[in-house]
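In: Make a model of this:
(2 chains)
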Amino acid sequence: MNNLFVFCELDEGRPAEVSLELLTRGRSLANTLGCRLEAVVLGSGLEGIENELFPYGADVVHVADDPVLEHYRTMPYTSVITGLFRQEQPQVALMGATSTGRDLGPRVSSAMHSGLTADCTSLEIGDHYVKKTDTTYKNLLYQIRPAFGGNIIATIINPDHRPQMATVREGVMKREIVNRNHRGELKKIDVAAFIRPEDLVVEIIERHMEARKVDIKSAQIIVSGGYGMGSKENFALLYELASVLGGEVAASRAAVDAGYAGHERQVGQTGVTVRPKLYIACGISGQIQHTAGMNQSGKIIAINNDPMAPINSIADYVINGDVADVIPKLIKYYKANAR
Amino acid sequence: MKIIFSRFAVLFYCYICHFKSENEMNGIKIVVLAKQVPDTRNVGPDAMKADGTVNRSVLPAIFNPEDLNALEQALRIKECYEGVTVTLLTMGPVRAAEIIREGLYRGADDGVLLTDRAFAGSDTLATSYALALAVRRLAPDLVLGGRQAIDGDTAQVGPQVAEKLGWPQVTYAEAMQFEGEKLIIRRRLERGVETIAARLPLVVTVNGTAPACRYRNARLVMKYKYARTDTELQAESSDYIAASRPFIRITEWGVDAIGADPEHLGLSGSPTKVKEIENVILQAKESKHLTSSNADIESLVRELLENHTIG
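Out: Sure, this is the predicted structure:
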């Protein structure tokens, strides 16, 4: 009772990146709270899945293994999770802010009549003092997230309702194995006890999912293009520079919306958070939505011809010029000087 | 085939619907959940006050973009069958009636403004509690809404309303059409597309990738531009035009009209509380400024190679 739960989504049968990142953060939060870290997995054909989660510090892995759970559907997943939560009464429940988490999270929190904060960029433990009643709530989950187009950062709490729920996007937290040999307890969920026939009325007719083509999160060098690149064709310069440097190409939301690059390359609050050694921002103005996803990069180079661009104030190097002029020069001098 | 409008696109959709199914969906009632939001997409320097806080009153109030996508889906269904009604439901301050008018101009049949001081300060749970009660009173077969609003960005209200109604939900919808009694919905997910079959009653939230909402219809603007709520009529000195046309009265409901328990509304009905708000201040760095000259670029490359940032 009163433990920290992480809902672990599956991505092609393996635990999703975001779920492993949440387990890592969850382990740290559970240590602070002095409670257990428990994972929940739903799906079909899940033998051995717990062995992929124990190394991240899960003390308990609850597994619901049933053919009706093979692909995510709202009602059966909600019934199992709320049934489990009513039984286990977690103090905190975390989920990835994926299409699954953003469909399941609110449904579960409504059923539990608890609070849910979406798209948190940070989770901390702290106290909260209420002057009116002179009460102090201890060890609450601070759910920190941007709001209002990213112009403010809000700290949200759920003082009185449980579980305190939050969703977090992929790449925001770091993933780290606690101990490869760590073993916890496996608990099998009695799926039939929680699922009702009316949960299965929605049918999945077809799914066309593409394999992940690009993973910009793990790139150490990122060459990123914004709306200032002007066209999809101009992005070829970025691919060339990235190839020469051994990096990956990314894009701002404006560039993706304009069709210059695919969504899988989008960096920012509604895309991916990256922390490369070097981030080269080409033709990117640097709206907060974007910089929130890359301002932890080791070194930042901004290339643009707008001296007032917000990105310039967080860059280590600002090159005032045309990307079509600067990038070929970068390539030329790199080839000339690198061993 | 009933010809309602004279545009080819509409005829095309009517043809598709009749080809695919019988008339089971005649007479269904659709409620579209919509929200009036400040336009947070382009927060320029004039929207930020000197102390770094956001000046909401400067931002124009707009119809939440994804709710317009949802309205378009409702209007398409309305064109395919007979007797389908589309009702806009919005919870907000008195001026939110503006988006009901906007919905009427695009083709909605009527609208309800859920407004009451008691709703102020509601988080998504308290909001969905009130909306679900209003939906129950309207008794529709299908509820559509945008996936998320551009001020909160939570995407929570749709699913929470569905849970309170006890109805199934389908989120991230991009397209939908009826086949007999089933609603076939195409969902746009992170890495691909999923097709779902569901029955009514149902809540569906619609993505921004769904077709854009049609423009205002000039004839409907003429018909509905004097549509007002009772509160708006009281505020205006003598609007005899609106008073003499009851069919364009916008329904206004408060706490009593939906039988809400005040404990579940506003701040007291909101499990989530804002502890603190911080204005985002970019941490300015000591930046090194360079030109695009050959000399500057070459020395930068050499420096990056030397400190092993690249190479």
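
In: Okay, strands next: where are they in the stretch 201-311 of chain B?
Out: B:202-206, B:228-229, B:249-253, B:273-279, B:288-291 (DSSP state E, counting those that start in this stretch).

In: now swap in the stretch 1-150 of chain B and tell me
Out: With strands called from DSSP E, counting those that start in this stretch, the stretch 1-150 of chain B shows them at B:29-34, B:36-38, B:61-63, B:85-91, B:110-114, B:142-146.

In: so which of those is the most packed in?
Out: Burial of the strands of the stretch 1-150 of chain B is given as mean neighbour count (mean count of other CB atoms under 10 Å in any protein chain shown); strand B:142-146 ranks first at a mean of 28. C-beta here means a position set from N, CA and C on the backbone, and glycine is covered the same way.

In: Look up phi and psi at the closest residue to A:Gln143 other than its chain neighbours.
Out: In space, and not counting its chain neighbours, A:Gln143 is closest to A:Thr117: 3.7 Å by CB to CB, 6 or more residues apart in numbering or on different chains. When read as degrees, to the nearest 10, the backbone of A:Thr117 gives phi -110, psi 130.

In: How many residues are close by A:Thr117?
Out: Residues near A:Thr117, counting by other CB atoms under 10 Å in any protein chain shown, number 28.

In: got a list of what it touches?
Out: By CB atoms under 8 Å, 6 or more residues apart in numbering or on different chains, the contact list for A:Thr117 reads A:143, A:145, A:156, A:165-167, B:154, B:272.

In: Distance to A:Glu38, secondary structure and neighbour count for these - can I get that in JSON lines?
Out: Below are the contacts of A:Thr117 laid out as JSON lines (distance: CB to CB, whole Å; DSSP: H, G, I helix; E, B strand; the rest coil; neighbours: other CB atoms under 10 Å in any protein chain shown):
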{"residue": "A:Gln143", "distance to A:Glu38": "19", "secondary structure": "strand", "neighbour count": "29"}
{"residue": "A:Arg145", "distance to A:Glu38": "24", "secondary structure": "strand", "neighbour count": "25"}
{"residue": "A:Ile156", "distance to A:Glu38": "23", "secondary structure": "strand", "neighbour count": "24"}
{"residue": "A:Met165", "distance to A:Glu38": "14", "secondary structure": "strand", "neighbour count": "29"}
{"residue": "A:Ala166", "distance to A:Glu38": "16", "secondary structure": "strand", "neighbour count": "30"}
{"residue": "A:Thr167", "distance to A:Glu38": "17", "secondary structure": "strand", "neighbour count": "30"}
{"residue": "B:Thr154", "distance to A:Glu38": "25", "secondary structure": "coil", "neighbour count": "24"}
{"residue": "B:Thr272", "distance to A:Glu38": "23", "secondary structure": "coil", "neighbour count": "25"}
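
In: Tell me the one among these nearest to B:Glu278.
Out: Closest to B:Glu278 out of those is A:Arg145 (11.3 Å), distances taken as CB to CB.

In: how about the helices in chain A?
Out: For chain A, applying DSSP state H gives helices covering A:17-33, A:50-53, A:74-88, A:101-112, A:191-194, A:235-245, A:253-257, A:288-291, A:323-337.

In: What of chain B?
Out: B:8-20, B:65-80, B:97-106, B:124-138, B:157-165, B:218-224, B:230-235, B:240-243, B:255-258, B:294-306.

In: Quick check: which of those has the most neighbours on average?
Out: Comparing the helices of chain B by mean count of other CB under 10 Å gives helix B:157-165 as most buried, with a mean of 27.

In: Which elements pack onto that one?
Out: helix A:101-112, strand B:29-34, helix B:124-138, strand B:142-146, strand B:169-179, strand B:202-206 (3 or more CB pairs under 8 Å, 6 or more residues apart in numbering or on different chains; DSSP states H and E).

In: hmm, the third one in reach of chain A?
Out: Just to be clear, that refers to helix B:124-138. Yes: Helix B:124-138 lies within reach of chain A by CB under 8 Å from any CB of the partner chain, at B:124-125, B:128.

In: Low-confidence regions, chain B specifically.
Out: B:1-22, B:41-56, B:237-247, B:281-284 (pLDDT under 70).

In: what do you get for the stretch 101-250 of chain A?
Out: Across the stretch 101-250 of chain A, the ranges flagged by pLDDT under 70 are A:149.
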